[in-house]
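> any chance you can model this:
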Amino acid sequence: VLGDLAETDIQCGRKRGPRQRRSMAAHVFARAFDDGHGRTCAELERICPPQVGPGGCIMTLNLYLLRRFFATVGLVTLVFIALLFPIDLMDQVRRLDQDSGGLRDGFRLASLNLPAALYQILPLIVILSTLALLVSLARSSELVAIRAAGRSGMSALVAPIGGAFMLGLFSLGVLNPIVAATQSEYERVSGALRSGLSSVLSLSPEGVWLRQGDGAGQTVIRAARSSLDGTVLFDATFLQFDPEGSMIARIDAARARLAPTAPEGSEWILRNAKNWPLGSSRNPERDATLHPTLRLPSTLTQAQIRDSFGVPSAIPIYELPSFINQLNAAGFSGLQHRVWLATELTSPVMLMAMVLIGAGFSMGHARAGGVGKMVLIALIVGFGIFFLRSFAQVLGENGQLPVQIAAWAPPLAAICIGLGVLLQREEG
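The predicted structure is shown next:
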């Protein structure tokens, strides 16, 4: 190819050096042109003009690789959508009660859950896209042309690695709020369809808010703070309403504890409580009563209170710091949300690491053989890093690992593995 280009330059009166011809040859292969035979002077001028130095052709090649990378990511994402959505749809329909929902509700839940599922497996999508891209470039001999142009395998990865980093930033800034909105709606709709109730707990700067109710009325509970599991409230206020929505009583207590009762019920045990009868008294303060211990029936359970927090992915990353502060102020543990926030911030680095791992095992010559074996090894290593990240996140949420170590150790280890394999195969 270089000889053909040199001969064409002589025929067309061009003055290019060997370095320019090598860059031009790589660009010709990258644009899927043939080996240069039959190209006119005008066509070669359009590909790489004489006034454009090697850097211009290299930039064009990087843009071409970047475009191919994003196209492959989009294709792999569509494949995962085609696989995940029918499976999730069948699972949602199976889990829904026959009286509370059917195919339509299952389709709605599956659609709301799909963005979160894709967001969770984004590192796997990236490593599969990297493998598909590089194997395709190797089989079309484009990697050979890139190396013949004087560029090493490491420099050819600048575009895919940069694309992975941009994809990570895009997932943090744009996809994360979208996933949080759909996940929050999924939790609300799923809870309403399966149990008929929405979230029973919320946090605000004023403290913790709970609600409970049955056919006899509703009770709104506010507390300045609570225990880690939400079953013990401090400086609590109980506001009781009748079925028509009129307030009938207010009860203040220094401490309230949710205790189970037989067979499957529960009750609030209030200490140092004061009860104002608002509905039946013209002077509630005069008729108020003091109780060292007061018991109130409850429809809440510890599991309902715990589940009302939802998952950290249902909160946009921009709102997570303030939500964690509210959790700490209310007495709840914000460790799970802190680990999730730190893990999310490492997403761009994790995606770059997946590109390096995929490239380290798939940038060999296609004619040398063993491509399938190397791709399989890359997939095993990639899946191992993915599950190591999930395992480290669980250890961080349980307090067995510091938050920053749980978040940063897996992606940094993946980068070291990818770089080590890549340098050994390309430079060693």
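> how far does the longest helix along the chain sit from the chain's center?
Counting by DSSP state H, the longest helix found in the chain is helix 54-95. Centroid separation between helix 54-95 and its chain, computed with Cα atoms, centre = their mean, to the nearest Å, is 16 Å.
> now the element after that helix, going C-ward?
Using DSSP states H and E, the next helix or strand after helix 54-95 towards the C-terminus is helix 103-120.
> what is the longest helix of the chain packed up against?
In terms of contact count using 3 or more Cβ pairs under 8 Å, 6 or more residues apart in numbering; DSSP states H and E, helix 54-95 is assigned the packing partners helix 18-30, helix 103-120, helix 122-139, helix 158-170. To be clear about C-beta, it is placed using only N, CA and C from the backbone, and glycine gets the same treatment.
> indicate which one of those helices is closest to residue 247.
Between residue 247 and these, the shortest gap by Cβ to Cβ is with helix 103-120, which sits at 35.2 Å.
> which neighbouring elements make contact with the closest one?
Helices and strands in packing contact with helix 103-120 are listed as helix 54-95, helix 176-195; criterion 3+ Cβ pairs under 8 Å, 6+ apart.
> Serialize the ones you listed to JSON lines and add fields for distance to residue 214 and mean neighbour count.
Compiled in JSON lines, these are given as follows (distance: least, Cβ to Cβ, whole Å; neighbours: other Cβ atoms under 10 Å):
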{"stretch": "helix 54-95", "distance to residue 214": "25", "mean neighbour count": "16"}
{"stretch": "helix 176-195", "distance to residue 214": "14", "mean neighbour count": "18"}
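> please convert those to TSV, extending it with distance to residue 345 and mean pLDDT.
Compiled in TSV, those are given as follows (distance: least, Cβ to Cβ, whole Å; pLDDT from 0 to 100):
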stretch	distance to residue 345	mean pLDDT
helix 54-95	21	85
helix 176-195	11	81
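> which one of those lies closest to residue 138?
Each of those was checked against residue 138 via Cβ to Cβ, and the shortest separation belongs to helix 54-95, namely 12.9 Å.
> what's next to the helix or strand where residue 225 lies, contact-wise?
Secondary-structure element containing residue 225, defined by DSSP H and E: strand 217-226. Taking Cβ atoms under 8 Å, 6 or more residues apart in numbering as the criterion, the residues outside strand 217-226 that touch it are 206-213, 232-243, 248, 256, 296, 329-332.
> tell me which of the helices and strands packed on helix 103-120 sits nearest to residue 362.
Nearest to residue 362, of all these, is helix 54-95, at 12.5 Å by Cβ to Cβ.
> give me the angle between that closest one and helix 122-139.
Regarding helix 54-95 and helix 122-139, their directions subtend 130 degrees when assessed with axes from the mean of the first three to the mean of the last three Cα atoms, to 10 degrees.
> give the contact list for the closest residue to residue 114 other than its chain neighbours.
Of all residues beyond its chain neighbours, the one nearest residue 114 is residue 85 (5.8 Å), with distances taken as Cβ to Cβ, 6 or more residues apart in numbering. For residue 85, the contact set (Cβ under 8 Å, 6+ apart) comprises 110, 111, 114.
> in CSV, list those along with pLDDT and neighbour count.
Conversion of those to CSV gives the following (pLDDT from 0 to 100; neighbours: other Cβ atoms under 10 Å):
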residue, pLDDT, neighbour count
110, 90, 21
111, 91, 15
114, 92, 19
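> of those, closest to residue 78?
Nearest to residue 78, judged by Cβ to Cβ, of the contacts of residue 85 is residue 114 at 12.1 Å.
> quick one: the closest one and residue 236, what's the gap?
Taking Cβ to Cβ, to the nearest Å as the measure, residue 114 and residue 236 are separated by 40 Å.
> what's the angle from the helix or strand harbouring residue 359 to helix 176-195?
Taking DSSP H and E as the criterion, residue 359 maps to helix 347-362. Relative orientation of helix 347-362 versus helix 176-195 (the same axes, to 10 degrees): 100 degrees.
> what residues of the helix or strand where residue 420 lies count as buried?
Residue 420 belongs to helix 403-426 when assigned by DSSP H and E. Along helix 403-426, the positions that meet the burial threshold by neighbour count (16 or more other Cβ atoms under 10 Å) are 403, 406-411, 414-415, 417-419, 421-422, 425-426.
> can I get the helices and strands packed on helix 54-95 in JSON lines with distance to residue 388?
Supplementary listing: these in JSON lines, determined by distance: least, Cβ to Cβ, whole Å:
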{"stretch": "helix 18-30", "distance to residue 388": "35"}
{"stretch": "helix 103-120", "distance to residue 388": "15"}
{"stretch": "helix 122-139", "distance to residue 388": "11"}
{"stretch": "helix 158-170", "distance to residue 388": "18"}
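> between those helices, which one is closest to residue 188.
Taking Cβ to Cβ, helix 103-120 is the member of the helices and strands packed on helix 54-95 nearest to residue 188, at 9.5 Å.
> what's in contact with stretch 396-412?
With contact meaning Cβ under 8 Å, 6+ apart, stretch 396-412 is reached by 335-336, 338-339, 342-343, 345-346, 349-350, 353, 385, 388-389, 392-393, 395.
> let's see it at 10 Å
Applying Cβ atoms under 10 Å, 6 or more residues apart in numbering, the external contacts of stretch 396-412 come out as 123, 312, 333, 335-354, 384-395.
> give the buried subset of those residues as a ChimeraX selection command.
To isolate the buried ones among these in ChimeraX, judged by 16+ other Cβ under 10 Å, type:
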select :123,312,335,336,337,338,339,340,341,342,343,344,346,347,348,349,350,351,352,353,354,385,386,389,392,393,395
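> how many other residues sit next to the nearest residue to residue 331 once chain neighbours are set aside?
Here the nearest residue to residue 331 in space, its sequence neighbours aside, is residue 225; by Cβ to Cβ, 6+ apart that works out to 3.8 Å. Applying other Cβ atoms under 10 Å, we find 16 residues neighbouring residue 225.
> and the helices and strands packed on helix 54-95: which comes nearest residue 358?
Distance to residue 358, taken as Cβ to Cβ, is lowest for helix 122-139 among the helices and strands packed on helix 54-95, at 3.3 Å.
> just the buried residues of that closest one, please?
Of the residues in helix 122-139, those buried by neighbour count under the rule 16+ other Cβ under 10 Å are 122-135, 137-138.
> cool, stretch 107-117 as well?
Buried residues in stretch 107-117, defined by neighbour count with 16+ other Cβ under 10 Å: 108, 109, 110, 112, 113, 114, 115, 116, 117.
> that older thread, can you give me how far the helix or strand following the helix holding residue 359 is from the chain middle?
Elements were assigned by DSSP H and E; along the chain past helix 347-362, the next helix or strand is helix 371-397. Taking the mean of its C-alpha atoms, helix 371-397 sits 16 Å from the chain's own mean (Cα atoms, centre = their mean).
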